[in-house]
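Trainee: Task: produce atomic coordinates for the following.
(one chain, ligands or ions: 2)
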Amino acid sequence: MSKKHYRGSCACKRITFEADIDFSKGTHKCNCTSCWKRRWWTVKVEPADFKVLTGEDGFDPSGRFCATCGVATFRHVPVFDWNPTPYVSLSVATLDDLAPTELLEAEVTYYDGLADDWWSKPAEVRHL
Ligand SMILES: [Zn+2]
Ligand SMILES: [Zn+2]
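Mentor: Ligands and ions are numbered 1, 2, ... in the order given. Below is the predicted model:
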């Protein structure tokens with residue numbers, strides 16, 4: 001498969017963006033408290049393939065949520081010791097033109113953040 005163009009937004013449409021995404025590379029879910037409480041299901045996007053269209057000033061002070069509707073849309077992940085290349089972690093639920101079948105065909109990688117064992121799959125993932 002290859003990259004496809006998508007448009008995304010928060011629930012109130014204050015924050016809108018576009019991205020070229022290759023879903024054949026899979027999506028990501030983690031069971032840590034933060035991801036679980038947000039229902040954070042993400043896909044990685046290359047920074048060059050991501051563009052905020054509106055609402056750059058629409059984030060709450062933490063920079064993680066729309067200040068109006070509270071939806072978490074995306075987050076820039078910089079270089080860390082565990083991450084050699086910066087990327088955009090984008091919530092798949094914010095993509096307005098993603099067909100559910102496209103999402104379900106993508107492989108999901110799971111992280112056991114709850115046990116602080118990030119590179120292992122948790123024993124139970126069906127709830128994520
Ligand atoms: Zn919003
Ligand atoms: Zn997590």
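
Trainee: CA only for contacts and neighbour counts going forward, please
Mentor: Fine.

Trainee: do you know how far residue 24 is from residue 85?
Mentor: 19 Å (CA to CA, to the nearest Å).

Trainee: Ignore what I typed, I meant residue 53.
Mentor: According to CA to CA, residue 53 stands 24 Å off from residue 85.

Trainee: on that earlier part again, which residue of residue 24 and residue 85 possesses the greater neighbour count?
Mentor: A direct count of neighbours by other CA atoms under 10 Å for residue 24 and residue 85 places residue 24 higher, at 14 against 11.

Trainee: Surely the more buried one is in contact with residue 104?
Mentor: No. Counting by CA atoms under 8 Å, residue 104 is not a contact partner of residue 24; they are 10.7 Å apart.

Trainee: which ones are touching the residue nearest to residue 93 when sequence neighbours are not counted?
Mentor: Distances taken as CA to CA, 6 or more residues apart in numbering place residue 41 nearest to residue 93, at 7.4 Å, with adjacent residues excluded. Residues near residue 41 by CA atoms under 8 Å, 6 or more residues apart in numbering: 27, 28, 29, 30, 35, 91, 92, 93.

Trainee: residues in contact with the first one?
Mentor: For residue 27, the set of contacting residues under the criterion of CA under 8 Å, 6+ apart consists of 41, 42, 43, 44, 106, 107, 108, 109.

Trainee: residues near the fourth one, how many?
Mentor: Using other CA under 10 Å, residue 44 has 22 neighbouring residues.

Trainee: From start to finish, how long is stretch 66-82 in a straight line?
Mentor: For stretch 66-82, by CA to CA, the gap between its terminal residues amounts to 28 Å.

Trainee: Can you give the contact residues for it?
Mentor: With CA under 8 Å, 6+ apart as the contact definition, stretch 66-82 has outside contacts at 9-12, 14-15, 38, 58-60, 64-65, 85-91, 94.
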